[in-house]
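*Asks:* with the sequence up front, the predicted model follows.
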Amino acid sequence: MDQILQIYEKYGNSKYSLYLLLGFFFLTIYRFLTMKYFKPPAKNGLVIVTGCTVGGMGETIAVDLAKQGFHVLAGVRKEENGKDLVNLHPEVKEFLHPVIVDVGKDDSVEALAKNFEQKYLKKYNAPLVGIVNNAGIGYPMPIEIADIQKCSDVFNVNVIGVIRMTKAFTKYLRESRGRIVNIGSATSTMAMQCDGPYASSKFAGEGLADSMRLELMKWDISVSLIVVGQIKTSMWGKLTGSNAPSKQISRSSKEEELYGELFDQVQKAVGQFQGTLSPPSVVSRAVVHGITSPYPKTRYVVANISGIPVFILRNLIPLLPDRIVDLIKLNLS
């Protein structure tokens, strides 16, 4: 109210005063409806981050959280990956603790959860205050010729993996009123050709995050989703050249006859937007806010796609007819 009075005293005689007051009023209402307070977690608490292999987003997320003073259990699938991570970041080795976990396997998640209190909570004398579900895999392939097992693997890691981690560790977050941050993708609602398996898994992840947020609100556990655009990571090297999934298809096969031109277009497109990729720091910055802020957002929309900010595309595309969006996508690929 004091702010409203100050604005009125300063601009009361202006013809724009009413507009300023109305704008402030609606902004206040908007902030009230979209913000919710959560008690900030203990600064020295434990945070699990999955998918922390060097070269990916998880590396930057883990390091930036460690710089905030959190003890980070950095999930990797191989012991040597953990050693590489620590060796590259000696400045935070006191807070960076690699752990072996493959979210695509029940026994691996169960092994991390076994005796968790003794192995980690008591060892570091700190509560578990956050989980960052970052681990994920892709499989760029047209649906007609996609391998069923590989499609299943994508969902197993990107969707069921989040469920595994939630089932195993939410009880500790309930005690600490901790946070969960899931890494999503702009592809979930803006799928291109060959994005089917990955995009549909990330679309499922959006629904999962929405359900989790409602279910865990009772215990003041915040759940945030980071909607990520195109990020500069080592992932792109797995999609081009000899590593491209399309190279698994014989050049003389029926699949090549049907989709060879599309494969070439995808590789060309990946090469063209390399210069527009956003740094992984834009993702880690959103994660840190989601873990530490007293007012974490439900969704953080970060980075660009082909140089265009994702938040613009995500708000613009629903306003356009599907056929027009299809035409735009086909001309971008």
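*Replies:* Perfect, I can see it now.
*Asks:* next SSE downstream of the host helix or strand of residue 110?
*Replies:* According to DSSP states H and E, residue 110 maps onto helix 106-113. Sequence-wise, the next helix or strand downstream of helix 106-113 (DSSP H and E) is helix 116.
*Asks:* pull the distance from that following helix to the chain's centre.
*Replies:* Here helix 116 is found 25 Å from its chain centre; the criterion is CA atoms, centre = their mean, to the nearest Å.
*Asks:* with stretch 303-316 instead?
*Replies:* Computed by CA atoms, centre = their mean, the chain-centroid distance of stretch 303-316 equals 15 Å.
*Asks:* distance between the ends of that stretch?
*Replies:* With CA to CA, to the nearest Å as the measure, stretch 303-316 spans 16 Å from end to end.
*Asks:* how about that stretch: buried residues?
*Replies:* Across stretch 303-316, burial judged by 16 or more other CB atoms under 10 Å covers 303-305, 310-311, 313-314. The way it works is simple: take the backbone N, C-alpha and C, and place the C-beta from them, glycine included.
*Asks:* using PDB, list the CA coordinates for the host helix or strand of residue 272.
*Replies:* Assigned by DSSP H and E, residue 272 falls within helix 254-272. Provided in PDB are the C-alpha atoms of helix 254-272 (Å, rounded to 0.1, in the frame of the first residue of the first chain):
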ATOM      1  CA  LYS A 254      15.000 -49.700 -47.300                       C
ATOM      2  CA  GLU A 255      15.300 -47.300 -44.300                       C
ATOM      3  CA  GLU A 256      18.000 -45.300 -46.000                       C
ATOM      4  CA  GLU A 257      15.900 -45.100 -49.100                       C
ATOM      5  CA  LEU A 258      13.000 -43.800 -47.100                       C
ATOM      6  CA  TYR A 259      14.800 -41.400 -44.700                       C
ATOM      7  CA  GLY A 260      18.300 -40.900 -46.000                       C
ATOM      8  CA  GLU A 261      17.500 -37.300 -47.100                       C
ATOM      9  CA  LEU A 262      16.000 -36.500 -43.700                       C
ATOM     10  CA  PHE A 263      19.200 -37.900 -42.000                       C
ATOM     11  CA  ASP A 264      21.300 -35.600 -44.100                       C
ATOM     12  CA  GLN A 265      19.000 -32.600 -43.200                       C
ATOM     13  CA  VAL A 266      19.300 -33.300 -39.500                       C
ATOM     14  CA  GLN A 267      23.100 -33.500 -39.600                       C
ATOM     15  CA  LYS A 268      23.300 -30.300 -41.600                       C
ATOM     16  CA  ALA A 269      20.900 -28.500 -39.100                       C
ATOM     17  CA  VAL A 270      23.000 -29.700 -36.100                       C
ATOM     18  CA  GLY A 271      26.100 -28.300 -37.700                       C
ATOM     19  CA  GLN A 272      24.400 -25.000 -38.500                       C
END
